[in-house]
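[1] Just to be clear, the model below is a prediction. Sequence and coordinates:
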Amino acid sequence: MNDSVDAVIVGAGFAGMYMLHALREQGFTAKVFEVADDVGGTWYWNRYPGARCDVESLEYSYSFSPELEQEWEWTERYATQPEILRYAQHVADRFDLRRDICFNTRVKSADFDDKATRWTITTDDGSTAHAQFLIMAVGCLSSTNLPDFPGRDTFTGDSYHTGTWPHDGVDFTGKRVAVIGTGSSAVQSIPIIAKQAAHLTVFQRTATYAVPAHNRPLTAAEMAEVKTHYRELRAANRLTMTGYGSRSPRGDTNAVDSAPAEREAEYERRWAAGGLSYLGGYADLLLNKDSNDTAAEFIRRQIRATVKDHATAQLLTPTNVVGCKRLCVDTGYYATFNRPNVSLIDVSEQPIEQITPTGVRVDGVDYDVDCIVYATGFDAMTGSLLKINANGPEISLQQAWEAGPRTYLGLAIQGLPNMFTISGPGSPSVLTNMITSIEQHVEWIRDCVVAMRERGMRRIEAEEQAQDEWVDYVNMVANMTLFPTCNSWYLGANVPGKTRVFMPLLGFAPYEQQCIEVAADGYRGFAFA
Ligand code: NA7
């Protein structure tokens with residue numbers, strides 16, 4: 001592979017793969033570096049039992065190629081991790097992507113030479129590559145968060161993190177297992193681990209809201225119907241706030257203004273339909289605490305009706321704002337706690353004291369186990385970016401983000417010229433269908449570099465004022481909502497010491513419009529040379 005290209009792309013998940021394809025189609029040369037030994041990104045690593053996407057498979061897929069869209073057959077309403085990984089591999093084969101991807105290679109640093117207007121990218125084997133553009137496609141949930149519990153490394157059994165699961169799988173049959181955490185990964189894996197394990201002990205810091213997936217096989221008729229109207233579905237999804245779910249449109253009235261019986265019927269209907277659209281019932285559910293309480297209380301009642309032991313039901317019942325932490329989509333999560341081989345330990349007030357050689361200690365009590373599953377999430381959105389030592393002419397990424405991430409449009413950072421971030425902080429990213437957001441960013445970046453080539457421009461950099469205004473705007477939007485009211489990973493609150501900044505921007509459709517306008521206005525807010 002040539003070590004001097006137009007663009008170096010970091011990461012071969014859905015973002016990196018499409019970026020490579022899109023640049024090639026415009027006649028640019030590009031090279032991708034990827035730590036794993038194959039494509040797939042998040043879906044390469046997250047192989048824990050029950051791992052699935054919580055956006056429906058017919059929507060969580062690329063739209064850029066109608067042929068790909070027509071030929072690929074999803075089997076279930078929500079695709080499993082193995083199926084999504086097979087899809088990523090199919091895309092890599094179909095578009096012959098692998099010849100420009102260096103696998104098993106981690107980018108360590110990148111240095112911008114302002115005179116040459118080129119990045120020098122250094123990898124962990126010491127080799128270098130040179131490129132005009134550096135495109136970060138490192139993923140939002142790819143840097144695992146493994147809490148530094150005292151004694152963690154003294155445990156003599158087997159430990160796993162859901163985000164870096166062994167490729168051969170793990171058989172928990174007959175084992176005593178601890179799961180730490182109750183976010184999406186835990187909610188998906190707990191029902192399956194419970195069926196295998198001799199005993200499962202779940203350590204919960206914050207109770208979780210989960211809505212049923214009602215997963216099922218897709219019928220041929222359903223698939224044919226979507227495939228016949230795929231263009232319309234994709235276009236309609238891009239007009240939503242989340243980039244998916246246009247088939248189950250968001251209500252435009254407020255929950256507080258609806259009669260209780262009407263509200264109840266709406267929640268029942270959405271609960272029966274299953275999935276994340278539960279929170280789309282009313283326009284104000286994430287804006288007004290009173291409204292949110294009505295949706296939260298409906299779920300709390302389902303939990304109390306499902307979980308037989310009163311004390312366990314109490315512990316499993318969340319008290320915070322529903323949707324403030326990402327809503328989970330489950331299959332039998334709460335009912336799993338009715339099993340005689342499952343126990344729930346509250347670590348909200350008495351945190352995990354220590355990991356001992358034989359298990360987990362909380363409040364002086366030892367829970368002896370054979371295996372510990374850390375379902376403790378990720379250093380989201382910034383973790384993987386900050387692991388790369390990226391240096392602009394005067395400032396490094398680490399310095400630029402000392403007080404939390406700052407970007408213009410979630411796409412560029414002042415001080416780091418010719419560098420783009422796909423689904424970076426300050427863009428809708430994790431609050432949306434990630435593939436919709438990825439496609440929108442890839443196409444924007446592609447069009448931008450094509451425009452630069454046409455105009456004979458070699459250097460692009462976000463302007464400080466535009467970036468400051470954008471950061472203020474992202475904060476203002478977040479502060480109009482209930483999102484900042486809980487300790488979510490959207491705020492970086494799950495990682496000790498991380499600066500609290502609400503990182504994603506709410507609202508896909510208005511954001512896409514802003515990006516279009518910036519480009520139409522001659523890339524307003526960017527300086528060119
Ligand atoms: P999440 O959603 O960040 O969940 C991590 C869980 O781990 C959550 O319940 C945390 O409790 C818990 N946690 C984290 N640190 C600790 C410590 N120190 N002690 C006890 N418990 C802890 O990660 P997931 O992998 O489940 O899901 C990530 C995203 O992937 C998800 O939102 C989907 O988009 C897909 P907390 O809530 O912080 O109190």
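    Cool, the structure landed.

[2] if I look at residue 69, how far off is residue 211?
    As for residue 69, its distance to residue 211 is 28 Å (criterion: Cβ to Cβ, to the nearest Å). The C-beta positions use only the backbone N, C-alpha and C, and glycine is treated the same way.

[3] swap in residue 145?
    Using Cβ to Cβ, we find residue 145 at a distance of 24 Å from residue 211.

[4] what bits of the stretch 51-200 of the chain have low per-residue confidence?
    Scanning the stretch 51-200 of the chain with the threshold set as pLDDT under 70 gives no residue ranges.

[5] for the ligand, what are the nearby residues on it?
    Where the stretch 51-200 of the chain comes near the ligand, counting by Cβ under 6 Å from any ligand atom, the residues are 141, 147, 162, 180, 181, 182, 183, 184, 185, 186.

[6] Pick out whichever of residue 145 and residue 211 has more residues nearby.
    Counted by other Cβ atoms under 10 Å, residue 145 and residue 211 do not tie: residue 211 has more neighbours, with 26 against 20.

[7] looking at this, that one is in a strand?
    Yes - if the criterion is DSSP: H, G, I helix; E, B strand; the rest coil, then residue 211 is within a strand.

[8] Would you quantify the distance from the residue nearest to it when sequence neighbours are not counted to residue 341?
    Excluding the flanking residues, the one nearest residue 211 by Cβ to Cβ, 6 or more residues apart in numbering is residue 278, at 4.4 Å. As for residue 278, its distance to residue 341 is 30 Å (criterion: Cβ to Cβ).

[9] the more surrounded of those two?
    Between residue 278 and residue 341, residue 278 has the larger neighbour count (other Cβ under 10 Å), namely 26 against 15.

[10] Residue 269 is in contact with that one, correct?
    No - here residue 278 does not reach residue 269: they are 9.7 Å apart, not a contact under Cβ atoms under 8 Å.

[11] sec struct for residue 134, please.
    On the three-state scheme (three-state DSSP), residue 134 is labelled strand.

[12] for the ligand, what are the nearby residues on the stretch 201-350 of the chain?
    Contact residues, the stretch 201-350 of the chain versus the ligand (Cβ under 6 Å from any ligand atom): 205, 206, 325, 326, 347.

[13] can you list the residues of the stretch 401-529 of the chain near the ligand?
    Counting by Cβ under 6 Å from any ligand atom, the residues of the stretch 401-529 of the chain lying close to the ligand are 487, 489, 494.

[14] Hmm, the second one is touching residue 382, no?
    The one in question is residue 489. No - using Cβ under 8 Å, residue 489 and residue 382 do not qualify as a contacting pair, with a distance of 10.7 Å.

[15] Buried subset of the residues of the stretch 401-529 of the chain next to the ligand as a ChimeraX selection?
    A single ChimeraX command selects the buried members of these (16 or more other Cβ atoms under 10 Å):
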select :489,494
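
[16] Just the ones in strands from the residues of the stretch 401-529 of the chain next to the ligand, please.
    Secondary structure assignment by DSSP state E places none of these in strands.

[17] can the residues of the stretch 401-529 of the chain next to the ligand go into a markdown table with extra columns for pLDDT?
    Below are those laid out as a markdown table (pLDDT from 0 to 100):
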| residue | pLDDT |
| --- | --- |
| 487 | 93 |
| 489 | 96 |
| 494 | 94 |
